[in-house]
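Asker: build me a model from this:
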Amino acid sequence: MTAVSDAARLARTSSSLPRRWQLVLRRGVARETRIAALLGLVAVAITGMVWAWPMNTPLAALMVPLLLGSLLLGPRQLPWFVVFVMTMLMISLLAQTKIEPKTVAGVAIQFLMGFIVLIASFRRSQLGVGGVLGESMFVDLRDRILRQGGIPVLPDGWHVESALRSAGGTPFAGDFFVATCPHPDRLEVVVVDVSGKGEQAGTRALLLSGAFGGLLGALAPGRFLLAANDYLLRQNWDEGFATAIHLSLDLQSGAFEIRTAGHPPAAHRAAGSGRWSVLGSSGPVLGLIEAADYTAAFGVLREGDAVLLYTDGMVEEPRRDIDLGIDRMLGEAETLLRGSFEGAATRLVEALGSQNDDRAMVVIHRR
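Answerer: Residues are numbered from 1 along each chain as shown. I've put the predicted structure just below:
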């Protein structure tokens, strides 16, 4: 009966995963069983050494298989393994010829460590997998979704690059961007800033990047933000809002249209004058108002022109007006990007913005 129920749970867990991870999950369960048996033998061997040489074998040696188990075992095997190691610890304690207060304190600390590992196991059980396998699946999911933000191959004469920095210095951020070419002659880019920052907004950003990646390019440019707003409203999140800026660019003529949803405006550089200007477009934040209206800014990118799309982390700092931040960014762009747009996004992100906020930048340049 146990084997049947375990198989049923495994089938339910794996049914919603990609086929590659279904196979990895099945192999992982068998591997974890073998690892649990091996670590159990190690714990028994350590206990035997304590009985054979009680004065020379430290009780703390049992923490080695416990630590390895917390890293390698899943949520089904780990609780039983913790109980097993704690039992071996009590048996080892009986082998001590003299129990001092220091020994009792050491055993108490080891039981506390086992309790902490047990709590971590219960938290992992919400996911259904744990240890190295669970972390690998999460990293794989993150990488697959973030690859949607990669810039597609563009025709000659166009240069697009992006840069992203999180507040905590981790790959998970509340800012993200998605780019696609639904047609050979059209580029669609959206830059999004989810409420919160760093790891706090990372999970929502991962979900939204997948959803927005499906919407971007599948809808007419004028309907993307409307659909994104409806999607966020249906989520009913406590912090279910985000700002966004959407660019739709014709790669043949250079004509573009930009719409914003509570987001800082795009900046346009005209090669003829060498000056930067702010493109006026407006619309409410995504996820707050039903039947929102988003007005567009239109223009044309001619040879040498450029457009900057960015999040508020690039221009907003405490006790400073955002307009001053935009002026500073444009002044920095005039200095840093004079003569070459290679590495433009990275240079601007590293030079500007608050280190305590997520920052994202996309630079589109027509050569």
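Asker: tally of neighbours for L41?
Answerer: Per other C-beta atoms under 10 Å, the neighbour tally for L41 reads 11. From N, CA and C alone the C-beta is placed, and that goes for glycine too.
Asker: surely it forms part of a strand?
Answerer: No. Applying DSSP: H, G, I helix; E, B strand; the rest coil, one finds L41 to be helix, outside a strand.
Asker: where does it land on pLDDT?
Answerer: pLDDT, L41: 93.
Asker: how near is it to A360?
Answerer: Distance of L41 to A360, given as C-beta to C-beta, to the nearest Å: 50 Å.
Asker: same check, this time on I258
Answerer: 16 Å.
Asker: please apply the same query to E290.
Answerer: Taken as C-beta to C-beta, the span from E290 to A360 is 27 Å.
Asker: what residues are up against the residue in the chain sticking out farthest from the centre?
Answerer: Residue farthest from the centre of the chain, counting by C-alpha atoms, centre = their mean, is T97 at 52.9 Å. T97 sits next to 54-55 when contact means C-beta atoms under 8 Å, 6 or more residues apart in numbering.
Asker: below-threshold pLDDT in the stretch 1-150 of the chain: ranges please.
Answerer: For the stretch 1-150 of the chain, the stretches flagged by pLDDT under 70 are 1-30, 124-138, 141-142, 144-149.
Asker: what segments of it are helices?
Answerer: With DSSP state H, counting those that start in this stretch, the ranges of helices along the stretch 1-150 of the chain come out as 2-15, 19-52, 63-72, 77-94, 101-124, 131-146.
Asker: more neighbours, E290 and A360?
Answerer: For E290 versus A360, neighbours defined as other C-beta under 10 Å are more numerous around A360 (27 against 7).
Asker: quick one, phi psi at the more buried one?
Answerer: The phi and psi torsions at A360 (degrees, to the nearest 10) take the values phi -140, psi 140.
Asker: partners of it in the sheet?
Answerer: With DSSP bridges as the criterion, A360 is bridged to L164.
Asker: these two touch, right, it and L308?
Answerer: No. Proximity of A360 to L308 does not meet the contact threshold set by C-beta atoms under 8 Å, at 11.1 Å.
Asker: report how many residues lie close to A120.
Answerer: The tally of other residues near A120 (other C-beta under 10 Å) stands at 15.
Asker: next one: the closest residue to it other than its chain neighbours from R31, what distance?
Answerer: In space, and not counting its chain neighbours, A120 is closest to S70: 6.5 Å by C-beta to C-beta, 6 or more residues apart in numbering. Noted for S70: a distance of 16 Å to R31, by C-beta to C-beta.
Asker: between the two, which one's more packed in?
Answerer: Ranked by neighbour count (other C-beta under 10 Å), S70 and R31 place S70 first, with 21 against 16.
Asker: show me what contacts the more buried one?
Answerer: The contact partners of S70, taken as C-beta under 8 Å, 6+ apart, are 78, 117, 120-121, 131.
Asker: can you pick the most crowded of those residues?
Answerer: In the contacts of S70, the most neighbours by other C-beta under 10 Å go to L78, 26 neighbours.
Asker: could you measure that one against G213, distance?
Answerer: To G213, L78 is 35 Å away according to C-beta to C-beta.
Asker: again with S166
Answerer: Applying C-beta to C-beta, the value for S166 to G213 is 19 Å.
Asker: of these two, who's got more company?
Answerer: For S166 versus G213, neighbours defined as other C-beta under 10 Å are more numerous around S166 (22 against 19).
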